[in-house]
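In: Curious how this folds, go ahead:
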Amino acid sequence: SWYRWSFFVPNDWVFDPMQTIVGQVHAEPPAGAGWGNPPLAVHLKNNKVSLTSDWGPAAADEISFELGDIRRGEWHDILIKSTWSTGSNGQLNAWFNGSQKAQRSGQNIAVGNANGDRTPFFKASIYADWRWDRDNSTSYLKGVLIDDVKIGDSNETYASMDFVGGRTSQNMEVRTFDTK
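Out: Down below sits the predicted model:
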């Protein structure tokens with residue numbers, strides 16, 4: 001599966017030590033199980049953009065890749081190719097602003113999440129829950145723009161999913177909002 005999207009970080013973005021997800025691929029849990037962490041999440045923390053791959057309940061079932069710096073007032077392009085697997089044949093490749101930043105082989109989804117109608121699905125929005133970490137956040141005001149979302153199957157290629165042309169943030173006004 002391929003996942004592509006862009007997000008714009010406004011000039012007034014406050015760097016925050018608390019993680020703020022700006023796009024994720026989630027998977028429906030097996031019957032009777034609760035929702036866990038998404039198998040893939042792109043998040044902002046401090047002044048960095050990172051990708052986390054999480055395939056189980058143990059800390060060892062997670063790996064993070066630093067993708068690059070948050071640049072206020074600019075678009076950031078994400079392109080991810082994942083071959084979902086509960087075994088050793090899973091693949092993960094990720095590009096940030098046109099440069100490959102992550103490559104991994106091995107399990108990348110929890111057992112029970114990749115079967116039948118429980119295929120992973122893309123979600124784009126801001127996900128940050130201050131109920132658990134309110135004291136460590138430096139800002140409750142969050143706002144990004146998300147654009148150019150494209151989801152592809154195994155028939156796609158890098159060339160068919162890659163971003164064409166450029167973007168400009170000129171004449172754009174983005175306002176943050178209070179999430180309290």
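In: Any stretches of this protein with poor pLDDT?
Out: Scanning the chain for pLDDT under 70 picks out 30-31, 112-118, 129-141, 164-180.
In: which residue is nearest the middle of it?
Out: The residue lying closest to the centre of the chain (C-alpha atoms, centre = their mean) is Val42, at 2.4 Å.
In: so what's that residue bridging to?
Out: Beta bridges link Val42 to Gly23, Leu51, judged by DSSP bridges.
In: correct me, but it touches Lys48?
Out: No - the pair Val42 and Lys48 fails to qualify as a contact (C-beta atoms under 8 Å) at a distance of 11.1 Å. C-beta: built from backbone N, CA, C; applies to glycine.
In: between the two, what contacts are shared?
Out: Leu67 (C-beta atoms under 8 Å, 6 or more residues apart in numbering).
In: one step back: could you check how far the residue nearest to the centre of the chain is from Ile78?
Out: From Val42 across to Ile78, the span is 6 Å (C-beta to C-beta, to the nearest Å).
In: Now the common contact residues for these two.
Out: 23, 67.
In: What is the burial count for His43?
Out: 21 (other C-beta atoms under 10 Å).
In: how about it, what does it touch?
Out: Taking C-beta under 8 Å, 6+ apart as the contact definition, His43 lies against 19-22, 49-52.
In: Determine which two of these are furthest apart.
Out: Taking C-beta to C-beta, the two most distant members of these are Thr20 and Leu51; they sit 13.7 Å apart.
In: Please say which of these two ends up with more neighbours.
Out: Between Thr20 and Leu51, counting by other C-beta under 10 Å, Leu51 is the more crowded of the two (22 against 17).
In: I'd assumed Ile80 was in contact with the more buried one.
Out: Yes - the criterion here is C-beta under 8 Å, and Leu51 meets it with Ile80 at 7.5 Å.
In: list residues touching both of the two?
Out: Shared contacts of Leu51 and Ile80 (C-beta under 8 Å, 6+ apart): 40, 94.
In: quick one: the strands in the protein?
Out: Counting by DSSP state E, the chain has strands at residues 2-9, 16-26, 40-46, 48-54, 62-69, 74-83, 91-96, 99-105, 121-123, 141-142, 145-152, 177-178.
In: Adding distance to Ser160, write the ones you listed out as CSV.
Out: Below are the strands of the chain laid out as CSV (distance: least, C-beta to C-beta, whole Å):
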stretch, distance to Ser160
strand 2-9, 8
strand 16-26, 19
strand 40-46, 20
strand 48-54, 21
strand 62-69, 22
strand 74-83, 11
strand 91-96, 14
strand 99-105, 17
strand 121-123, 17
strand 141-142, 32
strand 145-152, 7
strand 177-178, 35
